[in-house]
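Q: Structure, please.
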Amino acid sequence: MAKFEFNRALRLANEEREFKGELTRLEDPGPEFVAGYEGRLASTQQVVFLVPAEYPFRPPRVLLPGLEDHPNVHDGILCADLVRDTHRPYTSLLEWKRWLERLLDGLEGVEPCVHMKGK
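A: Below is the predicted model of the structure:
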């Protein structure tokens with residue numbers, strides 16, 4: 001196993017321990033993802049994080065199934081531009097979960113994504 005793969009696996013294992021049951025690991029996240037986690041935000045909104053092979057240097061894909069009335073969500077997917085602009089390699093998935101809760105509660109003050117302003 002390459003050093004990068006080992007470090008990524010170790011980081012994901014540490015993050016899973018941080019979740020303390022808040023998120024569960026998906027059995028099959030899909031061919032382009034090394035891991036997937038599903039859970040609920042404080043607002044009872046379902047959330048799915050799909051972790052790419054390049055994680056933590058490439059952000060997770062964030063799915064919010066059934067959420068259509070938010071200016072940064074389109075077809076249940078959080079705006080990729082917002083994810084890319086918010087993500088840093090040191091941002092853990094637990095920090096993502098907490099940030100999403102604040103975003104959905106309107107506490108982040110984020111402008112609607114440019115390509116979603118007409119929603």
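Q: elements contacting the lengthiest helix in the chain?
A: In the chain, taking DSSP state H as the definition, the longest helix is helix 3-19. When contacts are defined as 3 or more C-beta pairs under 8 Å, 6 or more residues apart in numbering; DSSP states H and E, helix 3-19 packs onto strand 33-40, helix 93-104. Backbone N, C-alpha and C define where each C-beta goes, glycine included.
Q: Any chance of these in TSV with mean neighbour count, mean pLDDT and distance to residue 20 as columns?
A: Shown next, in TSV, are the helices and strands packed on helix 3-19 (neighbours: other C-beta atoms under 10 Å; pLDDT from 0 to 100; distance: least, C-beta to C-beta, whole Å):
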stretch	mean neighbour count	mean pLDDT	distance to residue 20
strand 33-40	18	85	11
helix 93-104	18	84	9
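Q: can you give me the angle the helix or strand of the chain with the lowest mean pLDDT makes with strand 33-40?
A: Here the helix or strand of the chain ranked lowest by mean pLDDT, DSSP states H and E is helix 3-19, holding a mean of 77. Put simply, helix 3-19 runs at 10 degrees to strand 33-40, going by axes from the mean of the first three to the mean of the last three C-alpha atoms, to 10 degrees.
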